[in-house]
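A.B. asks: heads up, no residue letters with this:
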Ligand SMILES: [Zn+2]
Ligand SMILES: [Zn+2]
């Protein structure tokens with residue numbers, strides 16, 4: 001990552017607080033029973049079907065034989081669709097850490113939707129809520145605070161990792177993505193979530209068919225679809241659970257966020273989570289040269305192609321104010 005010179009990027013834009021983009025209404029709207037039921041059912045299927053997919057993948061590997069093509073489909077689809085989450089849903093739509101063209105916004109929105117992590121606007125709303133109340137009252141998925149001891153730790157971990165997804169949708173969540181809702185194109189991406197999610201299963205099935213025939217269509221569906229979704233879910237949820245419990249905390253972020261190298265690698269740079277909470281609107285999460293950040297590499301590539309601009313990075317002053325010497329950090333001038 002060190003080869004990506006940040007000095008060629010635009011000047012840093014001061015980190016904006018989230019509050020101005022959260023719509024101010026006096027009463028948080030309550031959601032209907034049918035919307036809550038639909039969300040719960042979607043979560044239940046989204047969590048259980050990929051687990052069934054892993055079992056199918058193992059059984060089919062024994063019955064039909066193992067193929068590296070299926071592993072390639074799984075990893076290829078993982079990189080592609082998770083980029084939609086990390087670069088798209090998270091760094092672009094939630095935090096506005098860079099700007100891009102509408103076609104790129106559309107593609108990133110569709111790719112992120114293929115991960116089965118819920119429609120764009122709900123995802124952004126929940127994540128902005130998390131930053132606003134990080135590890136305090138109102139944080140939808142903090143592992144803190146629960147009772148002391150191992151039992152409390154396990155309960156907190158479970159809630160932050162997966163339990164939160166089954167909790168009722170927080171009232172007023174729509175207010176947190178009001179800025180995105182104003183875009184017709186992003187509303188379309190959001191409303192057609194089931195279509196993109198199914199497309200994320202059909203693409204690897206089609207590729208599997210092209211390589212291995214009809215058996216490949218089934219194994220491509222299972223490996224590049226269901227197993228890939230399972231992997232994406234748990235790696236993303238580890239950012240909520242593991243990265244608020246274990247790791248280093250070099251910056252004063254006002255919460256329990258941590259930098260965790262393993263999740264940093266698996267989650268394409270999102271595991272440098274203390275860096276992220278300290279500088280939420282920074283496009284780069286791995287602030288040191290050795291903190292591998294695949295997603296920032298993608299943003300740099302987009303910038304190099306003229307498809308990303310106003311890429312935000314923390315200034316040397318901001319880094320100093322948060323507590324870690326910026327000498328080796330890739331800051332903007
Ligand atoms: Zn967090
Ligand atoms: Zn964030």
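C.D. replies: Sure, I can see it. Remember, it's a predicted structure, so these values are computed and weren't measured experimentally. Numbering: from 1, shown residues only. Ligands and ions are numbered 1, 2, ... in the order given.
A.B. asks: and stretch 236-249, how far out from the chain's middle?
C.D. replies: Per C-alpha atoms, centre = their mean, to the nearest Å, the displacement of stretch 236-249 from the mean C-alpha position of its chain is 13 Å.
A.B. asks: Can you tell me the SS state at the spatially closest residue to residue 254 that is not a sequence neighbour?
C.D. replies: Closest residue to residue 254 apart from its sequence neighbours, by C-beta to C-beta, 6 or more residues apart in numbering: residue 134 at 7.2 Å. Heads up, the C-betas are built off the backbone N, CA and C, glycines and all. Using DSSP: H, G, I helix; E, B strand; the rest coil, the structure places residue 134 in coil.
A.B. asks: Next: residue 170.
C.D. replies: coil.
A.B. asks: End to end on stretch 243-261, go ahead and measure it.
C.D. replies: By C-alpha to C-alpha, to the nearest Å, the extent of stretch 243-261 from end to end equals 10 Å.
A.B. asks: neighbouring contacts of it?
C.D. replies: 134-136, 142-144, 153, 156-157, 160, 238, 242, 263, 270-279, 291, 322-324 (C-beta atoms under 8 Å, 6 or more residues apart in numbering).
A.B. asks: Could you identify the buried members of these?
C.D. replies: 134-135, 142-144, 156-157, 160, 238, 242, 263, 270-279, 291, 322, 324 (16 or more other C-beta atoms under 10 Å).
A.B. asks: What segments of the stretch 1-150 of the chain are helices?
C.D. replies: Remark: helices assigned in the stretch 1-150 of the chain by DSSP state H, counting those that start in this stretch are 33-64, 68-83, 102-113, 120-132, 149-158.
A.B. asks: Of all these, which one comes closest to residue 170?
C.D. replies: Smallest distance to residue 170 across these (C-beta to C-beta): 6.2 Å, for helix 120-132.
A.B. asks: and the closest one, which residues are buried?
C.D. replies: Buried residues in helix 120-132, counted by 16+ other C-beta under 10 Å: 120-131.
A.B. asks: would you turn these into TSV with pLDDT?
C.D. replies: As requested, the buried residues of helix 120-132 are exported to TSV (pLDDT from 0 to 100):
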residue	pLDDT
120	97
121	95
122	93
123	95
124	96
125	94
126	93
127	95
128	95
129	93
130	95
131	95
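A.B. asks: and the closest residue to residue 35 other than its chain neighbours, how far is that from residue 114?
C.D. replies: Distance criterion C-beta to C-beta, 6+ apart; nearest residue to residue 35, sequence neighbours excluded, is residue 169 at 7.4 Å. Note on residue 169: its distance to residue 114, by C-beta to C-beta, to the nearest Å, is 22 Å.
A.B. asks: Under the pLDDT cut-off, which ranges of the stretch 201-333 of the chain? List them.
C.D. replies: 324-333 (pLDDT under 70).
A.B. asks: For it, just list every one of the strands.
C.D. replies: Here the stretch 201-333 of the chain has its strands, by DSSP state E, counting those that start in this stretch, at 308-309.
A.B. asks: what ranges do the helices span in it?
C.D. replies: Under DSSP H, counting those that start in this stretch, the stretch 201-333 of the chain gives helices at 228-241, 261-266, 273-278, 294-304, 316-322.
A.B. asks: Thank you, goodbye.
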